[in-house]
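Chemist: Only the shape, not the letters, is given here:
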C-alpha cells in the first residue's frame, strides 16, 4: 500500500512538473551591428522606438529591446559610451549594486556576482523591483564590448518568474562577444 501511494505521488509530481513546464524556443541572433550574439525567444519582436521612449522614459533608454506580444517580458540592450574592460567590470557591478540599493530601498536582491561566459567575464545582478501594479523580476548582466560597457537586462513580472527565470539565465549564458 505504501509503495502504491509513493508511486501515485511520483506519477502526479511528474505530471504536474510536465504540465507546468513551458518550452520557450530560443534562437541565436547577431545584434548591435554584429558585435554580439545572444539567444532571444523566437516569438519576441523588436520594440519600436516610440514604445521604448514610453516604457523607458529615463535619460539613457536601451538602444535595442526585444519584447513579447504583451510588452510585459523584455530583453533590453545598451552599448553605453562608458569605457570598460574586463578588469573594471567588477567595479561597475559594485557601483550598480550600491546605486540601485540607494535609489530603490524597496528593491529585493536575489543575487549578484561575476561569472565567465564563453571565455568572457560577465557581471550579473538579479533583483525584484516594485512596479505600478506588480513586482518586476530583473536579471541585468554586463560585460565590455569594443572598450565600452554593454548592459543587458531581462525583465518579467514576478508572477511569470517560474516560467521565465531559467530562460533568462539561458539567455545570459548564451552571450558571445565577437
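Modeler: Arrived safely. What you see is a predicted model; the values in this text were computed from it and never measured.
Chemist: Can you name the element that comes right after the helix or strand of the chain with the lowest mean pLDDT?
Modeler: Confidence across the helices and strands of the chain bottoms out at helix 2-20, with a mean of 36, counting by mean pLDDT, DSSP states H and E. Downstream of helix 2-20, the first helix or strand assigned by DSSP states H and E is strand 26-31.
Chemist: so after that next one, what's the next helix or strand?
Modeler: strand 36-41.
Chemist: counting contacts, what elements does that following strand pack onto?
Modeler: Contacts of strand 36-41 with other secondary structure elements, assessed using 3 or more Cβ pairs under 8 Å, 6 or more residues apart in numbering; DSSP states H and E, are made with strand 26-31, strand 74-83, helix 161-173, strand 176-177. For the C-beta atoms, the positions are set from N, CA and C on the backbone; glycine is no exception.
Chemist: which secondary structure elements does the following helix or strand past the second one contact?
Modeler: Next helix or strand after strand 74-83 toward the C-terminus (DSSP H and E): helix 89-103. Using 3+ Cβ pairs under 8 Å, 6+ apart as the contact criterion, the elements in contact with helix 89-103 are strand 108-117, strand 120-130, strand 135-145.
Chemist: Adding mean neighbour count, write the ones you listed out as CSV.
Modeler: Supplementary listing: the helices and strands packed on helix 89-103 in CSV, determined by neighbours: other Cβ atoms under 10 Å:
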stretch, mean neighbour count
strand 108-117, 12
strand 120-130, 18
strand 135-145, 20
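Chemist: For residue 36, which of these is the nearest?
Modeler: Nearest of the helices and strands packed on helix 89-103 to residue 36, taken as Cβ to Cβ: strand 135-145 at 6.3 Å.
Chemist: Quick one: mean pLDDT for the closest one?
Modeler: Strand 135-145 shows a mean pLDDT of 97 in the predicted model.
Chemist: In its sheet, which strands sit next to that strand, and in what direction?
Modeler: The pairing partners recorded for strand 135-145 under DSSP bridges are strand 120-130 (antiparallel), strand 148-157 (antiparallel).
Chemist: now the first one, how far from the chain's geometric center?
Modeler: Okay, so that is strand 120-130. Average the C-alpha atoms of strand 120-130, do the same for its chain, and the two points are 8 Å apart (Cα atoms, centre = their mean, to the nearest Å).
Chemist: same check, this time on the last one
Modeler: How far strand 148-157 lies from its chain's middle: 6 Å, per Cα atoms, centre = their mean.
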